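Participant: Whatever this is, show me its structure:
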Amino acid sequence: MNDVKIDVANKNTNIIGVKKIIKECFPLYWKPTEACLATVATLLLKNNANPTSLILIGQASTGKTTVLDFFKGIDDITYLSDHFTPKAFVSHYADRNKDSLKDIDLLKRIIQKCLIVPDLGVIFGKRREDLAENLSILTRALDGDGLATDSGVHGHRELIGDCMFAMLCATTPFGYKIWEEMGRFGSRMLFLHMPNTKKSNTEIIKDFKTDLTYRDRRKICQDVIKGFLQELWAEKDGFRSVDWKDDEMPEDALEIISNLADLLTKLRGMIQSIWEDKEGKKQRRQEVVVTYLNILRVKGDKIEAEEHLGREEQRAAAASARAEALVDVIANAAGPMKRGRKAMAVAV
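Facilitator: The predicted structure follows:
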């Protein structure tokens, strides 16, 4: 760690060098950092149709805010907002006259940039009615074609056209109802769970003995990320400069993308939940499939807690239960399929 030195002025750090430095400073944070780099880099793609949004999910002290800190303060590439609401995209602020609102519209300020929101929990913590409104506005903005809104204060306001941006956010885990609500608004947002960062006493003691503080290590990572992205933008000639050639993609990569798209379609579907109430009467309700994926964790956790099973037996039984539950969920969402149950399990 003490040997880590970054010469940002030279801007000669390639992605391999970035990976090495991030892993030396924060060993568990490379995967989320790599995902964030890929999200920012989508702004370089010429034929990208929709903004890419990545949300890091994790409990407190799992490093999600630290990772987003790596991307702060990169002029003309990132834009930081510590407090964000979707209504800020096209503002109807009552204390400003209509003509001056165009100067404060967030959407105008983040075009061709990556919006960074360290705490997206503000919009997830609202009442269900407010949550639905926020997600509706956010989803529409993530179409990349601008936004048109109306209010009783300023009437009709719009910013229409090519409004491409990217988005990096973080939030703590949320409950079933939020997942269910989000499932109704399509697949514009991608989620990445942060790794478990719980340290042993030995690791904590080791951290105290290093010459580099947390702030030192974070600054090193900020510098190398900034240098790498600025060099990448200069090398590729900036926003929408890279021509992605679909016909040159390997067949195996296209097959994986096709399978994932098919899976996503099924996970966004609706399935019928049936249960018996206290009086023994059957009740039915339509719900988004993604909310049902929690049964994988619940069913597996229950099996792993069975005291009469050995540890290896518990793990094997839990894994089998989760796989079976996933197949059942997707099969219910997909409806009658020509492929058999076994084929679907292999595909998953």
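Participant: Mind picking out the helix or strand in this protein with the poorest mean pLDDT?
Facilitator: None of the helices or strands of the chain scores lower by mean pLDDT, DSSP states H and E than helix 341-347, at a mean of 36.
Participant: count of neighbours near residue 280?
Facilitator: Neighbourhood size, residue 280 [other CB atoms under 10 Å]: 6. C-beta here means a position set from N, CA and C on the backbone, and glycine is covered the same way.
Participant: What confidence value was assigned to it?
Facilitator: Looking at residue 280, its pLDDT stands at 81.
Participant: Give me the distance between the closest residue to residue 158 other than its chain neighbours and residue 107.
Facilitator: Spatial nearest neighbour of residue 158, chain neighbours left out: residue 148 (3.6 Å); criterion: CB to CB, 6 or more residues apart in numbering. Look at residue 148 and residue 107: by CB to CB, to the nearest Å, they are 11 Å apart.
Participant: what do those two both touch?
Facilitator: 90, 159 (CB atoms under 8 Å, 6 or more residues apart in numbering).
Participant: And the helices in this structure?
Facilitator: 15-25, 30-41, 64-69, 98-101, 106-110, 121-124, 128-141, 176-183, 201-209, 214-236, 251-267, 294-304, 311-334, 341-347 (DSSP state H).
Participant: Can you add distance to residue 156 and give the ones you listed back as TSV?
Facilitator: Output for the helices of the chain, formatted as TSV (distance: least, CB to CB, whole Å):
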stretch	distance to residue 156
helix 15-25	45
helix 30-41	32
helix 64-69	35
helix 98-101	10
helix 106-110	15
helix 121-124	24
helix 128-141	15
helix 176-183	27
helix 201-209	55
helix 214-236	36
helix 251-267	34
helix 294-304	41
helix 311-334	39
helix 341-347	47
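Participant: Out of the ones you listed, flag the one nearest residue 163.
Facilitator: Ranking the helices of the chain by proximity to residue 163 (CB to CB) places helix 106-110 first, at 5.8 Å.
Participant: Dump that closest one to CSV, keeping only the CA atoms.
Facilitator: The C-alpha trace of helix 106-110 is given here as CSV (Å, rounded to 0.1, in the frame of the first residue of the first chain):
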residue,chain,number,x,y,z
LEU,A,106,-31.6,19.6,-14.0
LEU,A,107,-32.1,17.7,-17.2
LYS,A,108,-30.4,20.5,-19.2
ARG,A,109,-27.4,20.5,-16.9
ILE,A,110,-26.7,16.7,-17.1
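Participant: what's in contact with that helix?
Facilitator: So helix 106-110 is contacted by 79, 81, 84, 88-91, 102, 115, 141, 146-147, 159, 163, 165 (CB under 8 Å, 6+ apart).
Participant: quick one: which of those residues is nearest residue 195?
Facilitator: Taking CB to CB as the measure, residue 195 sits nearest to residue 115 out of those, at 24.2 Å.
Participant: show me the contacts for the closest one.
Facilitator: Residue 115 neighbours (CB under 8 Å, 6+ apart): 78-79, 81, 84, 106, 165-168.
Participant: residues in contact with the residue nearest to it when sequence neighbours are not counted?
Facilitator: Leaving aside its sequence neighbours, residue 115 sits nearest to residue 167 (CB to CB, 6+ apart; 4.8 Å). Residues near residue 167 by CB under 8 Å, 6+ apart: 39, 51-54, 114-117, 142.
Participant: These: which two are farthest apart?
Facilitator: Largest pairwise distance in the contacts of residue 167, by CB to CB, is 15.3 Å, between 116 and 142.
Participant: Which one of the two is surrounded by more residues?
Facilitator: Taking other CB under 10 Å, residue 116 and residue 142 do not tie; residue 116 has more neighbours (26 against 22).
Participant: Can you tell me how far that one is from residue 253?
Facilitator: Taken as CB to CB, the span from residue 116 to residue 253 is 29 Å.
Participant: Fine, thanks again, bye for now.
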